[in-house]
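In: Model the following, please.
(one chain, ligands or ions: 1)
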Amino acid sequence: MMTETLLADRPATTTPVDVLTIKDLKAYYINEHFGVRREVRAVDGIDLTVRRNEVYGIAGESSSGKTSLIKTLAGAIRPPMRVVEGSVKFDFGGKHIDVYGEPAKMQAARWQHLSYIMQGSMSVLNPVRRIKHAFNNFAYRHMGLDPSAFRHRVESHLDRLGLDASVLEAFPHQLSGGMRQRVTIALATVCEPEFIIADEPTTALDVLVQQDVLGLIKEVQGRLGSSVVFVTHDMSVHAAITDRLAIMYAGRLAEEGPTQALFDKPQHPYTAHLIASLPRIGDVSTRKSLAGKPPSLANPPSGCRFHPRCPIAIERCSKEVPQMLPSATGGRVACFRAGEISVQ
Ligand SMILES: Nc1ncnc2c1ncn2[C@@H]1O[C@H](COP(=O)(O)OP(=O)(O)OP(=O)(O)O)[C@@H](O)[C@H]1O
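Out: Numbers count the residues shown, from 1 in each chain. As a prediction, the model looks like this:
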C-alpha cells in the first residue's frame, strides 16, 4: 500500500482537548501456583493522552500489550489481570470518570459515551438472532426513546452509513464479512459516543473491504467529533486512518507522535524497523527482518526492553530504562539514541 498517498489525503486535527488521560499505568496478569507468583507485565508504566476528535493509533507486534492496554483503559479487565498502579481518567464533555476510582460510573458510560468495534463481528452479533436484536439489546436502554422513535433513529443511522434498513431483519450469516463489520460500526456508533475503541476491526477483511470499513470509521468519527483509539499491528492501516500514533514494545511505549512525522522521520529504531518492513510498490529488494523475538513479559530484559534486538544499542541501553521524552518531530520517544537510525 502506498502510505505516502494515504497520508497526504488526511486533514489535520486542530482540537487539542484531552478526553482520556492515562498516568503511569501498570496492569499485570498475576498468577500464583503452589506459592510461586508469576507476573506478566503486559502494561508497564504507560502515560498518554487522547484528544477529542482525533484517531489515536496503537501499533506494535503480537504480544506487545496492545489489547491489554485497551482493556485496561476501558475498565474491562478480569482476573488474573490487575491494575497495580496508575490511573485512567476520562473527561466526557465535563463529565469526569476515574475508571479505577469509580467503576460503577464507567459501567454506566458504556455505549452512550464509550463503545467498541472489535475484530470479527460475531462477538457482538448473536448468530441465531436477527441483527435488530443486537440494536435492541445494546443500544435501546441507553437512548431513552420510545420503540418507534428508536427504530426510526436506528434506520436513519444505518442510512447515513450506507446500509439498508433491511439488514435489521437479517441473520448475521446472511451478510458478508464486510457488511457485518459495517453493521457492528453502526451498532457501536448509534448512541453517538464520544469515545470509540477499535480493536483490529479490519484484520480479517480483504484489502478493498478494509478500505471501505476504514473510510466508514473515519467518516463517522468526523461527523460525531468523537475520539477513536485504533489498535492494529498493520502499519499501513495506521497510515491510512490515524492522526497520532503510539508504538508499543513489550508493555511500554517506544514512541508516540503525529502519524505523518512518525512515518517521515521515526525516532526510535523499533519504529524505523516497523516502517522499513512495509512493502513498497516497485521495490523488489528483500526486507531484512529484525533479529530475535519479542521478550517474555514475565521476565523482560533490563534497561530498554528493545536493547537485545536493537541494531544501535549501547551499553547504557541494557542498564537504564529510557524515559519518554519530547522528540525532535513533535512527539515523544524513549531511546538514548533517538533519531540516530534512518529508514532503509
Ligand atoms: N490471561 C492471560 N494470562 C497471562 N498472560 C496473558 C493473558 N492474556 C494475555 N497475556 C500476555 O500478555 C502479553 C500481552 O498480550 P496482548 O494480547 O495484550 O498483546 P497484543 O499486542 O494485543 O497481541 P496481539 O496483537 O497478538 O493480540 C502477552 O505476553 C500475552 O501472552
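
In: make it CA atoms for all contacts and neighbour counts henceforth
Out: Fine.

In: Near the ligand, which residues of the stretch 151-300 of the chain are found?
Out: residue 297 (Cα under 6 Å from any ligand atom).

In: for the stretch 151-300 of the chain, what spans make up the helices?
Out: 177-189, 207-224, 235-241, 259-264, 269-276 (DSSP state H, counting those that start in this stretch).

In: would you list those helices in JSON lines and tack on mean pLDDT?
Out: Conversion of the helices of the stretch 151-300 of the chain to JSON lines gives the following (pLDDT from 0 to 100):
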{"stretch": "helix 177-189", "mean pLDDT": "87"}
{"stretch": "helix 207-224", "mean pLDDT": "86"}
{"stretch": "helix 235-241", "mean pLDDT": "92"}
{"stretch": "helix 259-264", "mean pLDDT": "96"}
{"stretch": "helix 269-276", "mean pLDDT": "93"}
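
In: what would these look like in JSON lines with mean neighbour count?
Out: Formatted as JSON lines, those follow (neighbours: other Cα atoms under 10 Å):
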{"stretch": "helix 177-189", "mean neighbour count": "23"}
{"stretch": "helix 207-224", "mean neighbour count": "16"}
{"stretch": "helix 235-241", "mean neighbour count": "23"}
{"stretch": "helix 259-264", "mean neighbour count": "20"}
{"stretch": "helix 269-276", "mean neighbour count": "22"}
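
In: Can you add distance to residue 116 and give those back as CSV?
Out: Formatted as CSV, the helices of the stretch 151-300 of the chain follow (distance: least, Cα to Cα, whole Å):
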stretch, distance to residue 116
helix 177-189, 6
helix 207-224, 12
helix 235-241, 17
helix 259-264, 22
helix 269-276, 26
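
In: Ramachandran angles for the closest residue to the ligand within the stretch 151-300 of the chain?
Out: Nearest to the ligand in the stretch 151-300 of the chain, going by Cα to the nearest ligand atom, is residue 297, at a distance of 5.4 Å. Main-chain torsions, residue 297, degrees, to the nearest 10: phi -80, psi 0.

In: Kindly report the same for residue 82.
Out: phi -140, psi 140.

In: and if you look at the one 4 residues further on?
Out: Dihedral angles phi and psi of residue 86 (degrees, to the nearest 10) take the values phi 90, psi 180.

In: now do the one 3 residues further on
Out: Dihedral pair for residue 89: phi -130, psi 140, per degrees, to the nearest 10.
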